[in-house]
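> Need coordinates for the below:
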Amino acid sequence: MLRSLLVQRILHLRRVSKMSPNVVKQCLVSLSTQSFYNNSYNAVLLKESESALHDINFDYSATHHTVMELLDCSPADAIHLIEADPDLLRLPANDLMEIKKLCRENNIPQDIVKKNLTWISRMKPVELNHRFLYYWKWSFRNEKERPEIFVLLNLTLSKLTSFTCRAISEKSKILERNRISYFSNKLESSVSECTNLVIKYPFLLTRSLKTVFEIVDSLLEAGVHPKDIYKDPWLILNSSAYVKERLEVFKERGIKNIKPWMVRCQDSTLARCIEIRQLALDVSREFDIDTKEQYLCERLNADPWEFIESKRKYPRVAQISLTKLKIMLDLLLNAGFEPKDIFKHPQVLTFSPETIERRLKDLKDRQVETWELSTLSLRNKKFEAFLKKMDKKLS
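Predicted structure coming up:
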């Protein structure tokens, strides 16, 4: 396609400037025998802006040089972008250069232009210029944050208008002057991240401002991590009274490390969650420990340094809840296993209690009097193969 564009350009130049047939032939041969980007003839032809043979009637298409000028990037970067999005070469070069001019006039950094190149390049300059009017209506306490909301201009015009009008009406009610900067401050995230967040969850911009303030403040005061709210903002759709009521339940039970899903879940799920958290709290008080690592070392008579090495080999063990650890350790110790054996095969703790109980029953049914934890720790297919082997011996 690149070659066809240049052939078209050469033939056009021959018509309008009476270029000699020999020069045309030389260019065409050069195109077919040398690398496109290393050819000196192509370099001259690509840089239309410096060509003495300029014809306003020719419909220039974008070239790698145009992309280079748009992003002020190296030839290698331009080629990489074109390879990732070949349609760039089908876009009018004049439009791309006009877009570059608009972005520069509105102080949009090149890195942000590059991130948004896919949709910017498809937008007509007239339309982009119109959308910049909305862009400048947003108020910021820190003007350096403004370019980070640039992606909002990719919204439908109706949404962009709605969000901008709301931002104008709320600028005097928010310390940060707009909701995106407010979320950035409260949720410990960048303005760019929060811009993408409100695009994904539009209710963050349309929900009552008072409700948003009350819910976010209540969650943060209850100890909910800001990043957890960022990852799960659905809670803001609830009423502030409902959220405060749920948080009060956790406060009365002394339950910490609250997640947003725990506050918005169904009553049955909440009851089970409280039961598990209460059991974990009881375990912590019984053994006077603060972490799962301390609990495991206490129950298995293990050295903390040895446990660190074990956790490196079996990282999934560190993800098990304290409640499940207690259930599994009680089950295995009651089954007669020694603490040192459990410590040597910590992967057994990653199975569900039901699976271990079923496997213990299967072994007893086959009259296996002694077995090792390594057998219980086998994956399903290998354990089934082990049982089949035992069945053959018994038959």
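> Tell me which stretches of the stretch 151-300 of the chain form helices.
With helices called from DSSP state H, counting those that start in this stretch, the stretch 151-300 of the chain shows them at 157-170, 179-186, 191-200, 203-206, 209-221, 226-231, 240-253, 260-264, 267-287, 292-300.
> can I get the CA coordinates of the first one in CSV?
Once side chains and other backbone atoms are set aside, the C-alpha atoms of helix 157-170 remain, and they are given as CSV (Å, rounded to 0.1, in the frame of the first residue of the first chain):
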residue,chain,number,x,y,z
LEU,A,157,-21.4,14.9,22.4
SER,A,158,-24.6,14.4,24.5
LYS,A,159,-22.5,12.8,27.3
LEU,A,160,-19.8,15.3,27.1
THR,A,161,-22.3,18.2,27.2
SER,A,162,-24.1,16.6,30.2
PHE,A,163,-20.9,16.0,32.2
THR,A,164,-19.5,19.4,31.4
CYS,A,165,-22.7,21.2,32.5
ARG,A,166,-22.7,19.3,35.8
ALA,A,167,-19.0,20.1,36.3
ILE,A,168,-19.7,23.8,35.7
SER,A,169,-22.6,23.8,38.3
GLU,A,170,-20.5,22.0,40.9
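> Now do the buried residues in that helix.
160, 163-164, 167, 170 (16 or more other CB atoms under 10 Å). Quick note: C-beta positions are derived from backbone N, CA and C, even for glycine.
> so where's this structure uncertain?
Along the chain, segments meeting pLDDT under 70 span 1-63, 304-305, 307-311, 369-370.
> Who are the packing partners of the helix or strand where Asp95 lies?
For Asp95, the element it lies in under DSSP states H and E is helix 93-105. Counting contacts by 3 or more CB pairs under 8 Å, 6 or more residues apart in numbering; DSSP states H and E, helix 93-105 packs against helix 64-71, helix 125-135.
> related to what we said a few turns ago, need the buried residues of helix 157-170 in CSV with distance to Tyr182, can you?
What follows is the buried residues of helix 157-170, written out as CSV (distance: CB to CB, whole Å):
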residue, distance to Tyr182
Leu160, 19
Phe163, 14
Thr164, 16
Ala167, 11
Glu170, 9
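> what about Arg285, distance to Tyr135?
Counting by CB to CB, to the nearest Å, the gap from Arg285 to Tyr135 is 56 Å.
> Have a look at these two and say which one is more surrounded.
Tyr135 (18 against 10; other CB atoms under 10 Å).
> Can you give me the separation between the nearest residue in space to the more buried one that is not next to it in sequence and Leu133?
Of all residues beyond its chain neighbours, the one nearest Tyr135 is Leu153 (6.0 Å), with distances taken as CB to CB, 6 or more residues apart in numbering. Distance, Leu153 to Leu133, using CB to CB: 10 Å.
> between those two, who's got more neighbours?
The neighbour comparison of Leu153 against Leu133 (other CB under 10 Å) goes to Leu153, with 21 against 9.
> quick one: contacts for the more buried one?
128, 131-132, 134-135, 160 (CB atoms under 8 Å, 6 or more residues apart in numbering).
> that older thread, could the helices and strands packed on helix 93-105 be laid out in a markdown table, adding distance to Leu205?
What follows is the helices and strands packed on helix 93-105, written out as a markdown table (distance: least, CB to CB, whole Å):
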| stretch | distance to Leu205 |
| --- | --- |
| helix 64-71 | 30 |
| helix 125-135 | 14 |
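> Show me the one of the ones you listed that comes nearest Leu378.
Closest to Leu378 of the helices and strands packed on helix 93-105, according to CB to CB: helix 64-71, at 55.3 Å.
> Show me what the closest one is packed up against.
If contacts are counted by 3+ CB pairs under 8 Å, 6+ apart, helix 64-71 sits against helix 75-84, helix 93-105, helix 110-115.
> I am finished for the moment; much appreciated.
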